[in-house]
Structures are given as structure tokens and as C-alpha cells.
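**Q** pasted the sequence and its predicted model underneath.
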Amino acid sequence: MNEFGLQFHHLGLAVRRPDDARSLLTGLGYRMGEPIFDPEQNVNLIMCLHNAMPNIEVIYPGQGKGPVDGLVARHMNGIVYHLCYISNDLEATLRQIDDAKLRVQCVSPPKPAILFHGKRVSFYMVVGIGLIEIIEGVPD
């Protein structure tokens, strides 16, 4: 394990509609999960798994206002916008990141995520790096 107690989990890809992402990822050999609507975030999600490549979470807007609306409006062809990690101890992880003198701002505090069977997820902007998502504990 690294000094932050983080394990890589997936890349987050925001798209307007999932069809082209699904075609590309299927062609690359990814196994596509079923689309899931997350009412907490008002987004649709598809987890894509591969034996030899990084997992990819395809995120696309739900009905009404949601967190990826601005991204897909500015990046009409989609954008990888977050890295996701797993932490078995979120408080320790955040303390270790702070001890490393990295500036971190909480963008979305921990809340249950339907895609990860109720495991809590939170989002942080790391200055000079970008957006990271942290899943608490190992997803089912």
C-alpha cells in the first residue's frame, strides 16, 4: 500500500450519451455493467471492467440538473474527469494527504453510492492534480 492508503479503482468518463462510449469500450474488450441511475447524484452510471486495462465508469446526465451537466456541455465529445481510489480509512487518508502538503478541498462529502452497493463515496479537488473520488472500503 502507498503512503496515502489508496488503491486505484477506476477512471470516470463523463459523456452526453453512452452509446459511443459503449461501442468503443465493448470493442476494446470491456465487460459492460447494466446502466444504474443514482438519484443521490442525478446521474446514470455504467461500470466497465477489463482484465488488463483500468476500470472505467461511464457517467451521463439524468433528468434535470446534475453534477456532470457543465462538463458534458463544455466537452461535447466526453472527458475523463476523475480518478477513483479506495480507502479503508478515509480520515487517515485525508490526514496523510494533508501531511504531504497537498491542498485538498472537499467537493462532495461522503454519501452512499448505489453503484457500489451503498459504500460511501466522496469527491475532492486536489490543487494541481484534479478531481478524485474516494470509495470507503472495498466495493462488493
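**A** Right, received. Where do you want to start?
**Q** okay, now residue 66: neighbour count?
**A** 18 (other CB atoms under 10 Å). In this view, the C-beta of every residue, glycine as well, is placed from N, C-alpha and C.
**Q** likewise for the one 3 residues further on?
**A** Counted with other CB under 10 Å, the burial measure for residue 69 works out to 16 neighbours.
**Q** my guess is it contacts residue 61. True?
**A** Yes: here residue 69 reaches residue 61: they are 5.7 Å apart, a contact under CB atoms under 8 Å.
**Q** was I right to think residue 108 contacts residue 131?
**A** No: with contact defined as CB under 8 Å, residue 108 does not count as touching residue 131 (9.7 Å).
**Q** shared neighbours, those two?
**A** Common contact partners of residue 108 and residue 131 (CB atoms under 8 Å, 6 or more residues apart in numbering): residue 123.
**Q** which residues touch the residue lying closest to residue 113 once chain neighbours are set aside?
**A** Distances taken as CB to CB, 6 or more residues apart in numbering place residue 121 nearest to residue 113, at 4.4 Å, with adjacent residues excluded. By CB under 8 Å, 6+ apart, residue 121 lies in contact with 110-113, 133-136.
**Q** swap in 7 Å and give it another go.
**A** Contacts for residue 121 (CB atoms under 7 Å, 6 or more residues apart in numbering) come out as 110-111, 113, 133-135.
**Q** with residue 83 instead?
**A** The contact partners of residue 83, by CB under 7 Å, 6+ apart, come to 11, 132.
**Q** now do the buried residues in the regular element (helix or strand) spanning it.
**A** Element membership for residue 83 (DSSP states H and E) is strand 79-87. Neighbour-count burial for strand 79-87 flags 81-87 (criterion: 16 or more other CB atoms under 10 Å).
**Q** direction included, what does that strand pair against?
**A** strand 6-14 (antiparallel), strand 130-136 (parallel) (DSSP bridges).
**Q** can you name the element that comes right after that strand?
**A** Assigned by DSSP H and E, the successor of strand 79-87 is helix 90-99.
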